[in-house]
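Enquirer: the sequence and its predicted three-dimensional model are supplied below.
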Amino acid sequence: MKIFKTALLATIVLTGASSVAYAQDAAAGHDMSAMGGDAALGAELPDICKSAEGMAGDMSMDNAHEMDEAHTDLMAGMDVTNKQMMDAMMVEDIDVAFVCGMIPHHQGAINMAKAELEHGDNQWAKDMAQKVIDAQEQEIADMVAWLEAEGAKE
């Protein structure tokens, strides 16, 4: 139980986005057909979202200086939350792994929404960002409470 609580606390403290590990396995050529193949990666993005298609593979926080402040802020913390998510999903109990992985995933959404609030100019998008923050913060609190209860069972 002490190890679980320490791992939980580390996840919570480090949390500042489950498909990342799946995408990495698929990109590495691992057979993901048991999880539904390409369909498991999610819905196809609308064309407007593809204007910079392929750029993400060329970007990292190492060359973020090439982006404007708004896009840098939008991406800030994603490297951290993605690593946290992948690490958390390696917990042996699948239910706990899912919930632990969702915490940094939700935190990544919060980080992106905060960048929208700071830099965005469209009121609908800003309102949506605030809804994301409100919902994700509540869901993180719910997940942490569930994890604490699970840890108490051990």
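Expert: In hand now; what should we look at?
Enquirer: which positions within the helix ranked longest in the chain qualify as buried?
Expert: Ranked by residue count and defined by DSSP state H, the top helix of the chain is helix 123-153. Neighbour-count burial for helix 123-153, with 16 or more other CB atoms under 10 Å as criterion, is recorded at 126, 129, 132, 133, 136, 140, 143, 144, 147, 150, 151. The way it works is simple: take the backbone N, C-alpha and C, and place the C-beta from them, glycine included.
Enquirer: now do it: which elements does it pack against?
Expert: Secondary-structure packing of helix 123-153 (3 or more CB pairs under 8 Å, 6 or more residues apart in numbering; DSSP states H and E): helix 2-14, helix 94-119.
Enquirer: now do that helix against helix 94-119, angle only.
Expert: If you take axes from the mean of the first three to the mean of the last three CA atoms, to 10 degrees, helix 123-153 sits at 150 degrees to helix 94-119.
Enquirer: pLDDT averaged over helix 123-153, what's the number?
Expert: Confidence over helix 123-153, taken as the mean pLDDT, stands at 95.
Enquirer: contacting residues around the spatially closest residue to residue 89 that is not a sequence neighbour?
Expert: Counting by CB to CB, 6 or more residues apart in numbering, residue 101 is the residue found nearest to residue 89 once chain neighbours are left out, at 3.9 Å. Residue 101 sits next to 18, 85, 86, 88, 89 when contact means CB atoms under 8 Å, 6 or more residues apart in numbering.
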